[in-house]
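[1] Can you look at this prediction? I've put the sequence above it.
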Amino acid sequence: MSTDKSIRAQAVSLWEELTGKSVSSSSYSFTVGGESFDLYQANKRVQQAQAVEDDLTVALVVKTLAEQFAAAESFTLADILAGNERLKARVDLVGRMNALFSDNASVTLFDDFYAYCEGALAHYRELTPQTLDEKSRQFVRDSGCFVGLDAYHGVSRLTRLMVCDGPVDDVAKAKVSRLVFAFDSIEELISHARRIPVGFSLCVIVAPNISDSFFVMVINAGGRIIVLTDKGNYEHPLQEARMRARNDRYNLNRIEGSHFPYDLLGIKWGDNGRRASEGDAGNALMVSDTGLRVLGNLSDLQDWDLLWLTLFIDQCRERYFTRKVAEPQLATGSMVRLPHKWAGSCDQLPVPIEYELKLETRTSSELNSRFLHSIEPKWAERYNPNLWMEERFAASVPDDSLYVPSTALNHETPLLALGRDGQLELIRRDIDSLPFYEQEKLPRLSLQGLSSTALSTPERVIRDCHFLARHNQVQAIAQLVKEDFKNRKEAVQDWFYKAAAKYLPKLVDDLMALNHERVSVDTPAHQDALLALGQGKLINGKGSGVQVINSHRSIKIRYEPVRNQRVGSRARAGKSLADTLRLIDYTYGFYCCAVNREEEAQLFISLEVSSVFDVMTVTGLPLDGIPAELRHLGVDTYRGNSILDRIDPLGDIRNPWDQLSLYYTVPVSLKAFKALRRSRGLHIPRAMEVEKYAQQLADELLHRRRDGRSPATIPGLE
C-alpha cells in the first residue's frame, strides 16, 4: 500500500472503491448479491468515524463495514471459470484492504480494542474475559466500533449541567457504581447528589407517566457534580404537557434515539406508539445500603447498553477528570422561592438552600410586550393581533395570578372574582360537584406553576418563569375579554349601525347601480390595512366551518312587496341598519325607503360584512377608525404552532369579537331604484328579475377578474 496518505484516508478511499459511491453520497441503499445494503447508514458511520480524527477508529469502522458488505456479495463457479472481470477487480481490492488492515500495528490496536470491550462486559458480569460467552465476543467484533462511535458522540448530544462547582478529585478515585439509582424528581436527585459515590452513577427519574421518565448520568468529581441527561429541553415550558395530552409518541421518539437502558423500565407501548404503560418486564425498585432506591444493576444491561455505558464513561472520565471541563449551572423553576397567599410558608425549597434561584417578578402592567420582547426577541418579529387586549386589560389582572409556585396549586379551581374594593382578585373554589354547564359560566383560570420550567441554565429557567407568568396573565385577560364581549356586544353593534347609517348617503347610489366593484375589498385603503394586519388571510364562517375567501364582493338585492313584509314588534326588534335609520313602521308593518322616507320600500339591498375590510367599506372609516376589538374581524393571521413553537401566549387566544354578527341591509323603493338607474343610463330589470340580474352582474365581474381583465388584486386578498 502507498504510504503517501494516512491510514484513514486510504481506508475511506478503499471503501468508496468498494461501494462505487462517495462517502458523502446521498444514495440510500442498493442491492449486493440479492441483499439490500443500507449505504446511507454505512456512510453515516464512516463520517462519524472521520469526525473522531483517529486513524484506528476510521480503519476499524471501514474494516467492519467492508466485512458486512462482503458477506452480502457472492460469485458463482461459472464466474470464476470465466475469469469474470468484476471478480478480478474485487479480489484485487480485497487484497489491498487486507494489506492495509493486517499491518502488525493495526492488528495489535484492533485486538486491544476488542479485548478492552470484552473485558468491560466480563467485569460488570463478574466473569473473566476467557469465560465471556461467544455471543458477546461476536457482538464486540460486529458492533463494538459502532458502539464506540455512539459513545464518543453521545456526550455532545446530551444536556450537560453542573449541580455544584468545586475542586476535582484525582481520576483514580473515580469509581463506577454498579447500581442504577431511582428518584422521583430531579430535585430529589439534587438533594441527594452528595450521597452518590465519587465517580459515575447512572440514575433514573421515574415519572408518574412512565414514558416521561428519563436517565441521568451523575458525575461526582469530588467537589464538582455534573449531570448529563437525555431529557432535553422543550421549546417552551408547556410543550411537554401539550404533547402528552395528544399521545406519548413524543417520548417514544426520544427514547428510541437514546442510548440509555430504557429496557430496565419495561415500558409497554401500544396503539402504534401513542400510549405507554408500565409493563411486567420492568425491574422493581429496591433500597440500597445508602438508603437510596435502586432500579437495577449494570449487570442487567444488554451487551450494547453495557458496552455503550462503559465507553461513554470513558469519554466523561477524560472530559471531566482529565480536562476538568465545567458545564453551565443547573437550574429548575422549583429553585425559585416566591411568597404566595396559597403557598403557606415559603421557608422550604425542594432543594438545598444553596441552590435557590433569584427571580425578579413583575406586576401585570410591567409584564408587557415591551419587556417580553427584550427577553424573547423573536416575538417582536411575529405579528400579534391581540396586543390590544394587553393594552386594555393587563392592568386589571391580579398580580398574584402571574408567578405561582407549584405548591400554591391544589385540586381547587382558580377563579377571577370582584373584591370588596371593586378590584379583581384571585380566588379558588372546588367546582367538581357543579354541572358542566355551570362550570362553563365561571371565570376559570388554568394556571401553571413555576416547576414546569425546563431543566436548564438559570438564564433559560428565568425566561421560562416569565413565559409561564405570561401564560397565566393571558388566562385572566381571556376571561376579561370574554366578559367585555358579553357586556358591550350591543354597544359595538350600535356603533357599527350608526357609522354605517352616517356613510350611507355616499354609498347608496352605487348600491342601487349594482356597482359590485365599489364594494370589493381590494382598494388601496384595504391594501394598507392588510399590511398593517400582518398580511393575514380573509376568512368566513365560524368554528369548523371557517373557509378562506377572496376580495370579491357582490351586492345582493331582494324584491319583497309591502303586503308580504313582516317586521315583528318593536320590543323584540334587534339591532339593524333599518332600525337605526328609523325606516321601520312598526304600526303598519312595513319598511320605508332609505332614499325617500315618504315612499314604501320593496327592494332590500344587502352586503356581506364578514371582515374588517367590509366594515371599512360600509362605514367609510380607515382602519384606525375601527374599534380595536374589530380590527381583525374576518382576518386570520398565522401566529405559529402553540405546541411546537415558543410563541407569545397572548397571540394564541381567540378573540370573542370575531363571533360578532353584523348585517347590512338597505331598504329602497322601486321608484328610487329605477330613477337612479335611469339617470345613469343603466338597464332597469323587472322587479321579479332584479335578484337574478344582480347575481348575473356579480358573476360577470368575477369572471373578468379571474381572466385578468380587471385590476390585479392585492397579495393576500386575491
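    Great, that's in hand.

[2] and residue 127, how many neighbours?
    16 (other C-beta atoms under 10 Å). To be clear about C-beta, it is placed using only N, CA and C from the backbone, and glycine gets the same treatment.

[3] secondary structure element for it?
    Secondary structure from DSSP states H and E places residue 127 outside every helix and strand.

[4] need the longest strand for this protein.
    Looking across the chain with DSSP state E, the single longest strand is strand 175-183.

[5] What average pLDDT does that strand get?
    Strand 175-183 shows a mean pLDDT of 93.

[6] Dump whichever helix or strand comes after it to PDB, restricted to CA.
    Downstream of strand 175-183, the first helix or strand assigned by DSSP H and E is helix 186-191. Extracted C-alpha coordinates of helix 186-191, given in PDB (Å, rounded to 0.1, in the frame of the first residue of the first chain):
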ATOM      1  CA  ILE A 186     -34.600  15.900  39.600                       C
ATOM      2  CA  GLU A 187     -35.000  17.900  42.800                       C
ATOM      3  CA  GLU A 188     -34.700  14.800  44.900                       C
ATOM      4  CA  LEU A 189     -31.600  13.700  42.900                       C
ATOM      5  CA  ILE A 190     -30.100  17.200  43.500                       C
ATOM      6  CA  SER A 191     -30.800  16.900  47.300                       C
END
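
[7] Buried residues in the longest strand of the chain, which are they?
    176, 177, 178, 179, 180, 181, 182, 183 (16 or more other C-beta atoms under 10 Å).

[8] Not counting sequence-adjacent ones, nearest residue to the second one?
    Using C-beta to C-beta, 6 or more residues apart in numbering and skipping the chain neighbours, the partner closest in space to residue 177 is residue 201 (4.2 Å).

[9] The one you found falls within a strand, correct?
    Yes. The assignment for residue 201 (DSSP: H, G, I helix; E, B strand; the rest coil) places it in a strand.

[10] Look at it and report its pLDDT.
    94.

[11] measure it to residue 448 for me?
    32 Å (C-beta to C-beta, to the nearest Å).

[12] that older thread, for the residue nearest to residue 177, name its beta-bridge partners.
    Note on residue 201: beta-bridge partners by DSSP bridges are residue 218.

[13] how many other residues sit next to it?
    Residue 201 sits with 23 neighbouring residues when counted by other C-beta under 10 Å.

[14] The one 5 residues further on too?
    Neighbour count for residue 206, taken as other C-beta under 10 Å: 19.

[15] Let me know whether it touches residue 185 as I believe.
    No. Look at residue 206 against residue 185 with C-beta atoms under 8 Å: they stay out of range, at 9.1 Å.

[16] Model confidence score at the closest residue in space to residue 287 that isn't next to it in sequence, please.
    In this structure, residue 287 finds its nearest non-sequential neighbour in residue 293, 5.8 Å apart by C-beta to C-beta, 6+ apart. Residue 293 is assigned a pLDDT of 89 by the prediction.

[17] Assess the claim that residue 293 and residue 182 are in contact.
    Yes. Counting by C-beta under 8 Å, residue 182 is a contact partner of residue 293 at 4.5 Å.

[18] what residues are shared contacts of these two?
    residue 285 (C-beta atoms under 8 Å, 6 or more residues apart in numbering).

[19] Name the nearest of the buried residues of strand 175-183 relative to residue 38.
    Using C-beta to C-beta, residue 180 is the member of the buried residues of strand 175-183 that sits closest to residue 38, with 32.5 Å.

[20] That closest one against residue 203, yeah?
    Yes. Counting by C-beta under 8 Å, residue 180 does reach residue 203; the two are 7.0 Å apart.

[21] So which residues of the stretch 51-200 of the chain form strands?
    159-164, 175-183, 199-205 (DSSP state E, counting those that start in this stretch).

[22] right, so of those strands, which gets closest to residue 385?
    strand 159-164 (35.2 Å).

[23] Can you name every helix or strand that that closest one contacts?
    On a contact count with 3 or more C-beta pairs under 8 Å, 6 or more residues apart in numbering; DSSP states H and E, strand 159-164 meets strand 225-229.

[24] Strand partners (parallel or antiparallel) of the strand it packs on?
    Counting by DSSP bridges, strand 225-229 is paired with strand 159-164 (antiparallel), strand 214-220 (antiparallel).

[25] which parts of the helix or strand following it are buried?
    Remark: after strand 225-229, the chain's next helix or strand is helix 239-246, criterion DSSP H and E. Across helix 239-246, burial judged by 16+ other C-beta under 10 Å covers 239, 240, 243.

[26] how close does the last one get to residue 384?
    Read that as residue 243. Counting by C-beta to C-beta - residue 243 and residue 384 are separated by 24 Å.

[27] can you check the second one too?
    For residue 240, the distance to residue 384 (C-beta to C-beta) stands at 24 Å.

[28] so where's the stretch 101-250 of the chain uncertain?
    By pLDDT under 70, the stretch 101-250 of the chain has no low-scoring segment.

[29] and if you look at the stretch 301-450 of the chain?
    The model of the stretch 301-450 of the chain has pLDDT under 70 over residues 345-350, 352-353.

[30] which residues in it form helices?
    Under the criterion DSSP state H, counting those that start in this stretch, helices of the stretch 301-450 of the chain are mapped to 303-317, 369-375, 377-381, 387-393, 436-441.

[31] quick one, which of these is packed in tightest?
    helix 303-317 (a mean of 20; mean count of other C-beta atoms under 10 Å).

[32] From the contact counts, what lies against that helix?
    Partner elements for helix 303-317 (3+ C-beta pairs under 8 Å, 6+ apart): helix 104-124, helix 134-157, strand 199-205, strand 214-220.

[33] give the contact list for the residue nearest the centre of the chain.
    In the chain, the residue lying closest to the centroid (C-alpha atoms, centre = their mean) is residue 644, at 0.7 Å. By C-beta under 8 Å, 6+ apart, the contact set of residue 644 is 235, 239.

[34] Also the one 3 residues further on?
    When contacts are counted by C-beta under 8 Å, 6+ apart, residue 647 touches 379, 382, 639, 640, 641.

[35] try residue 620
    So residue 620 contacts 503, 506, 507 (C-beta under 8 Å, 6+ apart).

[36] measure it to residue 632 for me?
    Counting by C-beta to C-beta, the gap from residue 620 to residue 632 is 20 Å.

[37] Same question for residue 300.
    58 Å.

[38] the more surrounded of those two?
    Each of residue 300 and residue 632 has its neighbours counted (other C-beta under 10 Å); residue 632 has more, 21 against 17.

[39] Noted, bye for now.
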